[in-house]
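> 3D, please:
(one chain, ligands or ions: 1)
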Amino acid sequence: MDDTIKTKKQLIDELKKLRRKVSHLEKLKVKDRKEEKAFSESEEKYRTTFESTGTATVIAEEDTTLSMVNSEFERLCGYSREKIEGKKSWIEFVVKEDLERMKEYHRQRRTEEGAAPTNYEFRFVDRHGNIKEIFLTIAVIPGTKKSVVSLLDITERKLMEKTLNERVKELNCLYGISGLTEKPDISLEKIVQGTVDLIPPSWQYPDITCARIIIEGKEYTTENFRETEWVQTADVTTHGRRAGTVEVYYLEERPQSDEGPFLKEARNLLYEIAERLGKIAERKRAEGALRESEESYRSLQANIPVGIFRTTADPEGHLLSVNPALARMFGYDNPEAMSETRVADLYMNHDDRKKFVEAVSSGGAISNYEVQFKRNDGTPFWGSLNARAITDGSGKVAYFDGVLEDITEHKRAEEALRKEKEKAQSYLDIAGVMFVVIGSDQKVSLINKRGGEILGYSEEDIVGKNWFDNFLPERIREDIKARFDVLMAGEKESDPYFENPILTKDGEERIILWHNTILTDDSAKIIGTLSSGEDITERKQYFSDLNEYSKALESLLKERSEFFSMASHELRTPITVVNGYLDIIERNLENMDNAQIHETLKKVMEHSERLTLLVETLLDISKIDDPKFTLPSELCKIEPIVKRALNLCEHQAQEKQITCHFGGFDCGGGKPCVIGDALAIENVLLNILGNAIKYSNEGSEVIIRCDTEDDTLRIDCIDQGIGLPPGVEERIFEEFYRVEQGGELKKSGHGLGLSIARRLVERMGGRIWAHSEGLNKGTTVSFTLPLAKSENLTEKE
Ligand code: ADP
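Predicted structure coming up:
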């Protein structure tokens with residue numbers, strides 16, 4: 001075994017020997033006093049110097065024992081001086097890895113001067129096993145085998161250096177990336193390739209590090225790239241979305257560190273690189289877009305037919321930039337030619353510039369500001385301005401950006417169109433018919449004056465409203481809407497004419513006869529209808545009235561002609577009879593005696609009277625039928641009238657032993673009065689009483705009875721006579737109608753009595769009707785008259 005490398009046991013034995021030696025020596029009576037004193041002084045000095053070095057210092061013997069240590073060393077190793085001096089070897093304070101090297105130095109230093117380094121680093125182990133980085137300075141005390149060693153704890157510094165080194169690597173890498181991006185016009189590809197190459201030197205083990213960046217689908221790698229199991233990756237994101245990855249691989253295995261073999265600083269750097277790449281990619285893309293948009297803006301500005309400008313914001317105004325179109329608009333060859341021109345001078349009226357400045361400055365922007373400008377040659381033109389005030393950081397208006405359009409032509413066309421429209425509007429307004437334009441959205445887009453008049457609204461109140469919902473009666477709304485939608489869909493052609501009612505503001509309905517035209521745009525798409533409508537409400541009414549009149553007239557004429565044919569028939573009969581008798585007398589006058597002549601003349605007289613009566617009756621009818629005929633409307637006590645009529649019929653009744661009497665009032669209480677004409681009422685009563693007697697058998701009874709019914713008084717004339725066959729109850733009130741009954745028709749009469757009675761009752765506001773249970777079951781003829789109201793309701797006795 002090499003004698004420099006001793007076993008622990010050997011060392012302990014050696015130490016024991018030494019201790020024994022030392023205690024033996026201590027027991028010896030040494031040297032003379034003087035020598036002792038000098039030594040002690042010198043040792044004192046030596047120790048003081050030793051103590052005050054400020055660094056851990058030791059004296060190491062040739063056998064590696066530490067014979068002297070200072071308090072700094074005590075602090076460094078954690079043992080007290082007593083426990084070290086002469087007892088410990090420096091070997092136990094050195095980490096295993098460094099020990100061989102140091103032992104070798106130790107040996108060299110003592111065999112050959114200058115052979116071993118006087119400064120070097122090693123790792124020190126203290127009492128607690130803590131490892132410290134030490135910078136060692138060593139010198140052999142001349143003439144001895146001892147060495148003076150100073151130990152500087154550089155652990156902190158080393159750590160800082162290491163960190164710093166990593167940080168420097170990181171910074172180098174990041175600076176490198178920044179440097180790449182600063183190069184003008186460098187492409188994203190070059191930046192990424194540069195970045196990937198910057199990665200390995202920045203990692204802990206550059207030689208075995210390779211990297212790959214995948215961004216926007218493209219792959220960039222270092223030359224030595226190879227995929228291995230030792231990898232660190234980070235995502236690259238642009239605009240919050242994953243756009244790629246940065247991957248760092250170690251090509252060989254390395255000791256475990258913070259993240260596999262990687263340092264945590266490397267992780268941070270990786271994130272930093274990924275983040276920067278994301279930002280660079282975003283910026284590059286934005287730059288590309290910006291360049292493109294700048295280019296297109298530049299070409300737009302140069303080629304656009306509208307003027308683009310930037311001017312100062314003062315009323316006088318300087319042109320900061322204008323495009324060629326603006327220069328041309330003002331009659332200059334190019335933008336440079338007008339650079340000296342004041343903006344206000346471009347306005348026909350200087351004040352307009354001032355107004356414009358105020359408007360833009362206060363509102364921030366202005367659009368479609370129409371104003372007259374002046375060309376270089378002084379001629380005016382109309383322009384439309386759109387401008388924006390651009391403010392500086394302090395909010396002050398810095399300049400105006402805007403667009404100017406020459407609208408002279410447009411204005412002219414607009415004016416022509418306006419005139420054209422006015423003309424059309426005036427035609428529309430004087431039109432007697434209404435015009436409505438309804439868009440496919442069912443809203444009114446135009447209506448003329450007449451339309452407004454008919455509807456009763458002002459034009460403004462109509463335009464923009466849904467035509468159907470607002471101006472059509474509800475009951476037809478949905479139906480007409482559906483028809484309109486069919487028209488708009490082009491599924492059906494419009495009926496050229498149709499009628500429908502519209503609803504006016506007053507809620508009145510007017511009937512309009514419409515004529516429809518479908519409106520289409522330039523591409524033949526249906527956009528609405530133009531309808532002209534004529535108010536035919538009155539005309540319609542007139543026609544319908546006319547129709548009714550003509551119908552009434554027709555039936556009247558029919559009735560009349562029937563009446564006249566019946567009347568002439570009725571008249572002719574007695575005349576024929578009279579003529580017959582007169583003829584007999586004339587031809588047989590000589591052969592006839594006076595009595596015969598008298599008899600015949602009596603018959604002539606009878607028929608002539610009958611004729612007269614008939615003529616009078618006919619005259620009565622025509623009188624009542626005259627529209628000018630009126631009956632007096634008076635308060636009439638009914639009882640006396642009934643009684644008088646009964647009296648007048650008494651003789652006729654007696655002839656047939658018929659009793660006629662007044663059955664009184666069924667209503668009880670007082671005696672009601674009616675409103676009418678007493679004579680007419682008597683006439684009606686005489687007529688129906690006469691019939692009751694005429695059509696009753698001898699010895700029977702006729703009763704008149706009164707009853708109130710609502711606000712009328714009903715008068716019934718009840719007989720027990722021959723009655724009426726079914727189906728004639730109404731017909732007996734027609735002129736000349738008489739019931740044909742075996743033999744009974746021979747009874748005198750013309751069938752006019754009841755028709756006169758009907759006319760009179762109706763004239764007084766009443767109703768008349770007959771009822772019979774059948775032949776020989778008697779007949780009741782009833783009529784009503786309006787009851788008198790108020791205090792005169794009943795007759796006071
Ligand atoms: P006339 O002169 O024939 O009586 P009216 O107009 O008074 O004419 O009556 C029309 C017809 O009505 C009569 O011809 C008769 O056939 C029928 N008539 C009217 N009153 C009665 C009655 N009380 N009973 C039965 N028939 C009647």
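> and the residue of the stretch 251-400 of the chain found nearest the ligand, how many neighbours?
Among residues of the stretch 251-400 of the chain, the one nearest the ligand by C-beta to the nearest ligand atom turns out to be N368. It sits 91.2 Å away. C-beta here means a position set from N, CA and C on the backbone, and glycine is covered the same way. Per other C-beta atoms under 10 Å, the neighbour tally for N368 reads 9.
> element containing it?
Element membership of N368 [criterion: DSSP states H and E] is strand 365-374.
> given the following helix or strand past that strand, what are its sheet partners and their directions?
On the C-terminal side of strand 365-374, the nearest following helix or strand under DSSP H and E is strand 380-391. The pairing partners recorded for strand 380-391 under DSSP bridges are strand 365-374 (antiparallel), strand 397-406 (antiparallel).
> quick one: those strands as CSV, columns for mean pLDDT too.
Converted to CSV, the strands paired with strand 380-391 look like this (pLDDT from 0 to 100):
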stretch, mean pLDDT
strand 365-374, 91
strand 397-406, 90
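> what's the most buried one of the ones you listed?
strand 397-406 (a mean of 20; mean count of other C-beta atoms under 10 Å).
> state the distance from the residue of the stretch 251-400 of the chain closest to the ligand to N303.
Distance, N368 to N303, by C-beta to C-beta, to the nearest Å: 23 Å.
> now R242: closest residue in space that isn't a chain neighbour?
D235 (5.2 Å; C-beta to C-beta, 6 or more residues apart in numbering).
> state whether that neighbour is indeed within a strand.
Yes - assigned with DSSP: H, G, I helix; E, B strand; the rest coil, D235 falls within a strand.
> next, L513: phi, psi?
With angles defined as degrees, to the nearest 10, L513 sits at phi -100, psi 110.
> surely it meets Y497?
Yes - between L513 and Y497 there is a contact under C-beta atoms under 8 Å: 6.5 Å.
> comparing the two, which residue is more hemmed in?
L513 (17 against 10).
> list the residues that contact that one.
Y497, F498, E499, G533, E534, I536 (C-beta atoms under 8 Å, 6 or more residues apart in numbering).
> what pairs with the fourth one across the strands?
In this case it means G533. M434, W514.
> which bits of the stretch 651-797 of the chain sit near the ligand?
Residues of the stretch 651-797 of the chain lying close to the ligand (C-beta under 6 Å from any ligand atom) are 691-692, 694-695, 719, 721-722, 724, 732, 737-739, 749-755, 779.
> got a quick ChimeraX command for the buried subset of those residues?
Selection of buried members from these for ChimeraX, criterion 16 or more other C-beta atoms under 10 Å:
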select :691,692,694,695,719,721,722,724,732,738,739,750,751,752,753,754,755,779
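> how is the closest residue to the ligand within the chain assigned, secondary-structure-wise?
Nearest residue of the chain to the ligand, counting by C-beta to the nearest ligand atom: G749, 2.1 Å away. Taking three-state DSSP as the rule, one finds G749 in the coil state.
> return the distance of it relative to T617.
Counting by C-beta to C-beta - G749 and T617 are separated by 10 Å.
> before we move on, what about Y542?
39 Å.
> which of the two has more residues huddled nearby?
For Y542 versus T617, the count of surrounding residues by other C-beta under 10 Å is larger for T617: 17 against 11.
> who does the helix or strand hosting E548 touch, helix- and strand-wise?
Assessed by DSSP H and E, E548 sits inside helix 537-588. Secondary-structure packing of helix 537-588 (3 or more C-beta pairs under 8 Å, 6 or more residues apart in numbering; DSSP states H and E): strand 509-520, helix 594-625.
> just these: most buried one?
By mean count of other C-beta under 10 Å, the helices and strands packed on helix 537-588 have strand 509-520 as the most buried, with a mean of 16.
> circling back: show me the contacts for the residue nearest to R242.
Counted by C-beta under 8 Å, 6+ apart, D235 has contacts R242, G244, T245, A274.
> narrow the residues you listed to those in strands?
Of those, the ones assigned to strands by DSSP state E are R242, G244, T245.
> can I get the residues you listed in a markdown table including pLDDT, neighbour count and distance to the ligand?
Formatted as a markdown table, the ones in strands among the contacts of D235 follow (pLDDT from 0 to 100; neighbours: other C-beta atoms under 10 Å; distance: C-beta to the nearest ligand atom, whole Å):
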| residue | pLDDT | neighbour count | distance to the ligand |
| --- | --- | --- | --- |
| R242 | 90 | 10 | 114 |
| G244 | 92 | 23 | 119 |
| T245 | 94 | 15 | 121 |
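> can I get the residues you listed in JSON lines including distance to L385?
Formatted as JSON lines, the ones in strands among the contacts of D235 follow (distance: C-beta to C-beta, whole Å):
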{"residue": "R242", "distance to L385": "48"}
{"residue": "G244", "distance to L385": "48"}
{"residue": "T245", "distance to L385": "53"}
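> out of those residues, which comes closest to N579?
For these, the closest approach to N579 (C-beta to C-beta) belongs to R242, at 132.6 Å.
> distance of that closest one from I208?
Taking C-beta to C-beta, one finds R242 at 28 Å from I208.
> cool, I462 as well?
On the measure of C-beta to C-beta, I462 and I208 end up 88 Å apart.
> cool, and A325?
Applying C-beta to C-beta to A325 and I208 gives a distance of 65 Å.
> equivalent analysis for T233, please.
17 Å.
> the more surrounded of those two?
Just comparing T233 and I208: by other C-beta under 10 Å the higher neighbour count belongs to I208, 18 against 13.
> list the contacts for that one?
Y250, L251, E252, R254 are the contacts of I208 under C-beta under 8 Å, 6+ apart.
> so which bits of this protein are right by the ligand?
Counting by C-beta under 6 Å from any ligand atom, the chain sits next to the ligand at 691-692, 694-695, 719, 721-722, 724, 732, 737-739, 749-755, 779.
> try it again with 5 Å
N691, A692, Y695, G721, I732, R738, V739, G749, G751, G753, L754, T779 (C-beta under 5 Å from any ligand atom).
> which ones among the residues you listed map onto strands?
Among these, the members falling in strands (DSSP E) are T779.
> lowest pLDDT pick from the residues of the chain next to the ligand?
The lowest pLDDT within those belongs to G749, with 81.
> K694 is in contact with that one, correct?
Yes - G749 is in contact with K694 according to C-beta under 8 Å; the separation is 7.2 Å.
> mind listing what the residue lying closest to A243 once chain neighbours are set aside touches?
Excluding its sequence neighbours, the residue lying closest to A243 (C-beta to C-beta, 6+ apart) is V236, at 5.2 Å. Contacts for V236 were tallied using C-beta under 8 Å, 6+ apart; they are I213, I215, R242, A243, G244, T245, V246, A274, E275, L277, G278, A281.
> would you mind putting those residues into TSV with distance to K158 alongside?
Converted to TSV, the contacts of V236 look like this (distance: C-beta to C-beta, whole Å):
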residue	distance to K158
I213	33
I215	38
R242	40
A243	40
G244	38
T245	35
V246	30
A274	31
E275	31
L277	33
G278	36
A281	39
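> list buried residues within those residues.
Buried among these (16+ other C-beta under 10 Å): I213, I215, A243, G244, V246, A274, L277, G278, A281.
> okay if I get the residues you listed as JSON lines plus distance to V125?
As requested, those are exported to JSON lines (distance: C-beta to C-beta, whole Å):
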{"residue": "I213", "distance to V125": "44"}
{"residue": "I215", "distance to V125": "49"}
{"residue": "A243", "distance to V125": "51"}
{"residue": "G244", "distance to V125": "48"}
{"residue": "V246", "distance to V125": "41"}
{"residue": "A274", "distance to V125": "41"}
{"residue": "L277", "distance to V125": "45"}
{"residue": "G278", "distance to V125": "47"}
{"residue": "A281", "distance to V125": "51"}
